[in-house]
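In: sharing a model that was predicted from the sequence below.
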Amino acid sequence: MALRLGAIVEALGGELHGDAALGIDGIAPLESAGPSQLAFLSNPKYQQQLASSRAGCVIVGPAQRALALARGACIVADAPYLYFAKVTQLWKRQRAAVAGPAIHPSAVIDPSAQIDPSARIGPLCVVERGARIGADTVLKSRVTLGEDCSVGARCLLHAGVVIGADGFGFAPNAGAWEKIEQLGAVRIGDDVEIGANTCVDRGALDDTVIGNGVKLDNLIQIGHNVQIGEHTAMAGCVGVAGSAHIGAHCTVGGGAIVLGHLTLADRVNISAATVVTRSIAQPGHYTGMFPIDENSKWEKNAASLKQLHSLRDRLKAVEKSLEQHLKSLEKP
């Protein structure tokens, strides 16, 4: 399959410099793209790769127009990364497989579940009693949607996703544990994408809520009663403990942890591997991690960190003593 450059620009806009009839048969990274492939440059720090790229055409921003023209064909777009995303969507639509049955024969669907006729349910999925699935939503293979849980319209749940397993709730009882039945559900909004083997637990009493447009990567754990605001995105292996409230338009880097019962304001960005131990009331970029080092150096630094509290007390004592000494010198 090939797409003409002209057809891409007709569909998505942009400013084409080059042969509109040139056929593009693939999309590839800048450094490995060939003469019949389309690449993109969004980060200026990689522009040194532009001159040597063999790509048939490159998507660039206005600031890189001159460099791109010196190399060959290009499409100039105000937001090249966003333009690239839309090209991938156009490419996927052109290569769409012939549709099979809306509900795969191996899927297990409770008769009380409500599934929009336009939704698609993949092989070995399980949709339990009272669950609801909105229009144009796709469940890939082996997705489980627990009882009374709902998924909105135009969502995509990748293989192995589990929605509505019990939250982790137990009360201590004479050295053992007494289960707290999880009586809530999970409510997922519209245009949500959830990566492979991610789990979203049902609420203990109230529902766990995933807002419109949220994007969750693979292998994420969302605890019971968590609320995630609209258009927040989380990278792989993030863990969000129970009853945390995360605002809209936040990002959480891979492997980060948000402790339970905390609140993150809208537009908070958490760096990868950070452990969020307190609520964050102001938008901004937050990081909390110990840098990697040679093990022997790391152990010495860690040992020093353990002494910070006592060093602080000693410094305060020195400051107080110095202050008293200065006051004594001021006396006539």
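Out: Okay, I see it.

In: low-confidence ranges in the protein?
Out: 1, 97-99, 331-332 (pLDDT under 70).

In: and residue 184, how far from residue 204?
Out: According to CB to CB, to the nearest Å, residue 184 and residue 204 sit 6 Å apart. Where C-beta positions appear, they are placed from N, C-alpha and C, glycine not excepted.

In: helix, strand, or coil at residue 322?
Out: helix (DSSP: H, G, I helix; E, B strand; the rest coil).

In: how many other residues sit next to it?
Out: As a burial measure, residue 322 scores 10 neighbours (other CB atoms under 10 Å).

In: and it, what does it touch?
Out: For residue 322, the contact set (CB atoms under 8 Å, 6 or more residues apart in numbering) is empty.

In: going forward, count from 47.
Out: I'll keep to 47 as the first residue from here, and by that count the last item is residue 368.

In: tell me the spacing between it and residue 53.
Out: Taking CB to CB, one finds residue 368 at 76 Å from residue 53.

In: so what sits against both of residue 230 and residue 250?
Out: Residues touching both residue 230 and residue 250 (CB under 8 Å, 6+ apart): 213, 270-271.

In: what's in contact with the helix or strand containing residue 346?
Out: Taking DSSP states H and E as the criterion, the element that holds residue 346 is helix 341-352. Helix 341-352 has contacts (CB under 8 Å, 6+ apart) with 336, 338-339.

In: out of these, flag the one nearest to residue 64.
Out: Closest to residue 64 out of these is residue 338 (44.6 Å), distances taken as CB to CB.

In: burial measure for the closest one, as a count.
Out: 8.

In: report the contact partners of the most centrally placed residue in the chain.
Out: What sits nearest the mean C-alpha location of the chain, by CA atoms, centre = their mean, is residue 280, with 2.7 Å. Contact analysis of residue 280 by CB under 8 Å, 6+ apart lists 261-263, 266, 286, 297-298, 302.

In: ditto for residue 97
Out: With contact set as CB under 8 Å, 6+ apart, residue 97 has these partners: 113, 116-117.

In: please repeat the previous calculation with a cut-off of 6 Å.
Out: Residues in contact with residue 97, defined by CB atoms under 6 Å, 6 or more residues apart in numbering, are residue 117.

In: ok, now how distant is it from residue 116?
Out: From residue 97 to residue 116 the distance is 7 Å (CB to CB).

In: what's the answer for residue 216, then?
Out: According to CB to CB, residue 216 stands 65 Å off from residue 116.

In: so how far is residue 211 from the residue nearest to the centre of the chain?
Out: As for residue 280, its distance to residue 211 is 18 Å (criterion: CB to CB).

In: again with residue 269
Out: In terms of CB to CB, residue 269 sits 11 Å off from residue 211.

In: residues that sit against both of the two, list them.
Out: By CB under 6 Å, 6+ apart, the residues touching both residue 269 and residue 211 are residue 247.

In: look at the two and report which has more neighbours.
Out: residue 269 (22 against 16).

In: how far off centre is stretch 65-80?
Out: From the chain centre to the centre of stretch 65-80 is a distance of 28 Å (CA atoms, centre = their mean, to the nearest Å).

In: repeat for stretch 352-368
Out: 43 Å.

In: run through the helices of this protein in chain order.
Out: 51-58, 94-98, 111-117, 126-140, 341-352, 354-376 (DSSP state H).

In: on that earlier part again, can you name the two of the contacts of residue 280 that sit furthest apart?
Out: 261 and 302 (14.8 Å).

In: just the CA trace of the helix holding residue 346, in PDB.
Out: Extracted in PDB, the C-alpha atoms of helix 341-352 (Å, rounded to 0.1, in the frame of the first residue of the first chain):
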ATOM      1  CA  ASN A 341      27.400   1.100  44.100                       C
ATOM      2  CA  SER A 342      30.200   2.000  46.400                       C
ATOM      3  CA  LYS A 343      29.600   5.800  45.800                       C
ATOM      4  CA  TRP A 344      25.900   5.300  46.200                       C
ATOM      5  CA  GLU A 345      26.300   3.600  49.600                       C
ATOM      6  CA  LYS A 346      28.600   6.400  50.900                       C
ATOM      7  CA  ASN A 347      26.000   9.000  49.700                       C
ATOM      8  CA  ALA A 348      23.200   7.100  51.300                       C
ATOM      9  CA  ALA A 349      25.100   6.800  54.600                       C
ATOM     10  CA  SER A 350      25.700  10.600  54.500                       C
ATOM     11  CA  LEU A 351      22.000  11.200  53.900                       C
ATOM     12  CA  LYS A 352      21.100   9.200  57.000                       C
END
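
In: angle of it against helix 354-376?
Out: Helix 341-352 runs at 50 degrees relative to helix 354-376, counting by axes from the mean of the first three to the mean of the last three CA atoms, to 10 degrees.

In: fine by me, thanks again.
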